[in-house]
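K.L.:
Let me see the structure of the following:
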Amino acid sequence: MNYIEKPFNNFNSEVKTHKDYTDVSFYETFSKIKKVELDALIPVPNDDPDYGVITTPSKLEGYFGLYNSSLDKLLETRPVSSTYKLVPHHELFHEQAKILGQSDLPLENITVKDQLYKGGLQAHRTIFFHDLETTVSNNKDKVLSRIDIFNSCDMSWSFQVFSGAYRDLCRNTLVFGGQKAYHQQAKHTRNLSTTALMTKASIGLEFWNNQKETMLNWRAKDMSLEQFGQILKQTICKKKSKSAELNLTNPVNETKLNYLLDRFEKETPDLGKTMWAGYNALTHWATHTDETIEVLNDKNQMVKIRSGKSTADKPSVQRTRNDEVRTVIECDAWKELEIA
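P.N.:
Below is the predicted model of the structure:
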């Protein structure tokens, strides 16, 4: 059953509940937001007091207003800069639907809750999976698995994605009545890849339900940055050339190693220095095939490195990288940490 829980009233907080994860009509109808150019009124010197203050419009360079084309309305919010990556809600959740459609998650028996705030500037979508009921704590507390996404168009919220089995949550990352399988928060900068983060949320939820005991074990097992690096050096970052095997050249792919170490550090604020953070760093690399990041080199200089070639065949690269991730989590060093 599709319904809007209450009629729109100044668009402060509105909710639609339905059963179709591909349905983004709620956001298309009420919050198709885009950047528009702004003019500033500049005072012009005027010697004639009878005319009062004279102003002339001038383009505001480097900043944009936000226009809601669904409502034909310029939104009352602060301008955003040219470096701000606007992610319209309807495009975001359309992309999520594509990701879910390619996953192994059961999508026939779900409930989707779409919410908008502040005239459509803020959005929150929750998908409940009724066929993925699980137990937490004392094994008698039954909780539905779910995915939550928060997004804004005006810098008021960072992009956030949660997945797991929990009863409630708030945007400050606290989850109540359950456990997170995955959580990530990212600012709306040029390098934001909502697709990669939403893909990892789906992967995390699949892993939660298919191998819950393994996931819980990895969440509880400590893994330092150095330990993660040593495992990578022995597996997917180890060069296989003859010169590398003879120690005539550096035997390690430093670009890949530095990228994965940087990714591990980005996962640890939410997941801790754990094997679960290491696994999430690996799955980010496997799904996010052409990301550019900045890291410090040996000379303490910021340099840019890429996770792969932008011209590569993405599905093929992802398939190859998934196989490489499997070699890491099946290697002896990883297994030793599992049972430590």
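K.L.:
need the helices for the chain, in chain order.
P.N.:
In the chain, the segments counted as helices under DSSP state H are 25-30, 89-101, 194-210, 212-220, 225-234, 242-245, 254-271, 275-287, 314-329, 332-339.
K.L.:
and Leu144, which of those helices is closest to it?
P.N.:
helix 194-210 (11.2 Å; C-beta to C-beta). C-beta coordinates here come from the backbone N, C-alpha and C atoms, glycine included.
K.L.:
what packs against that closest one?
P.N.:
Packed against helix 194-210 by the contact rule (3 or more C-beta pairs under 8 Å, 6 or more residues apart in numbering; DSSP states H and E) you find helix 89-101, strand 122-136, strand 141-152, strand 159-169, strand 175-186, helix 212-220, helix 275-287.
K.L.:
Single out the most deeply packed of these.
P.N.:
helix 275-287 (a mean of 25; mean count of other C-beta atoms under 10 Å).
K.L.:
Residues touching that helix, excluding its own?
P.N.:
With C-beta atoms under 8 Å, 6 or more residues apart in numbering as the test, helix 275-287 has contacts from 182, 196, 199-200, 203-204, 215, 217-219, 221-223, 228, 231, 259-260, 263-264, 266-268, 271, 307, 318, 321-322, 324-325, 328-329, 334, 337-338.
K.L.:
How about the contacts made by Thr77?
P.N.:
Applying C-beta under 8 Å, 6+ apart, the residues near Thr77 are Leu66, Lys118, Leu121, Asp154, Ser156.
K.L.:
try Leu38
P.N.:
With C-beta under 8 Å, 6+ apart, Leu38 has these contacts: Lys59, Leu60, Tyr63, Phe64, Gly65, Pro79.
K.L.:
For the fifth one, give its distance to Leu38.
P.N.:
Taken as C-beta to C-beta, to the nearest Å, the spacing of Gly65 relative to Leu38 amounts to 5 Å.
K.L.:
Same question for the first one.
P.N.:
If you measure Lys59 against Leu38 using C-beta to C-beta, the figure is 7 Å.
K.L.:
Is Arg167 in contact with Val143, as I believe?
P.N.:
Yes - if you go by C-beta atoms under 8 Å, Arg167 and Val143 touch, sitting 5.5 Å apart.
K.L.:
quick one: terminal-to-terminal distance for stretch 82-91?
P.N.:
End-to-end span of stretch 82-91 (C-alpha to C-alpha, to the nearest Å): 19 Å.
K.L.:
Can you list the neighbours in contact with it?
P.N.:
For stretch 82-91, the external contacting residues (C-beta under 8 Å, 6+ apart) are 24, 27-28, 31-35, 62-64, 66, 80, 116, 120, 123, 151, 153, 155, 159, 188-190, 192, 194.
K.L.:
and that stretch, which residues are buried?
P.N.:
Residues of stretch 82-91 classed as buried: Tyr84, Leu86, Val87, Pro88, His89, His90, Glu91 (neighbour count, 16 or more other C-beta atoms under 10 Å).
K.L.:
In strands, which of the contacts of stretch 82-91 fall?
P.N.:
Ile33, Lys34, Lys35, Gly62, Tyr63, Phe64, Leu66, Val80, Leu116, Ala123, Asn151, Phe159 (DSSP state E).
K.L.:
count of residues packed around the closest residue to the fifth one other than its chain neighbours?
P.N.:
What it means is Tyr63. What sits nearest to Tyr63 in space, not counting adjacent residues and going by C-beta to C-beta, 6 or more residues apart in numbering, is Pro79, at 3.9 Å. By other C-beta atoms under 10 Å, the residues close to Pro79 number 16.
K.L.:
Hmm, Pro79 is touching Tyr67, no?
P.N.:
No - under the criterion of C-beta under 8 Å, Pro79 makes no contact with Tyr67, lying 11.8 Å away.
K.L.:
thinking again about what came up before, need the buried residues of stretch 82-91 in a markdown table with distance to Ile42 and pLDDT, can you?
P.N.:
Shown next, in a markdown table, are those (distance: C-beta to C-beta, whole Å; pLDDT from 0 to 100):
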| residue | distance to Ile42 | pLDDT |
| --- | --- | --- |
| Tyr84 | 24 | 90 |
| Leu86 | 26 | 92 |
| Val87 | 32 | 93 |
| Pro88 | 31 | 93 |
| His89 | 34 | 95 |
| His90 | 36 | 95 |
| Glu91 | 35 | 95 |
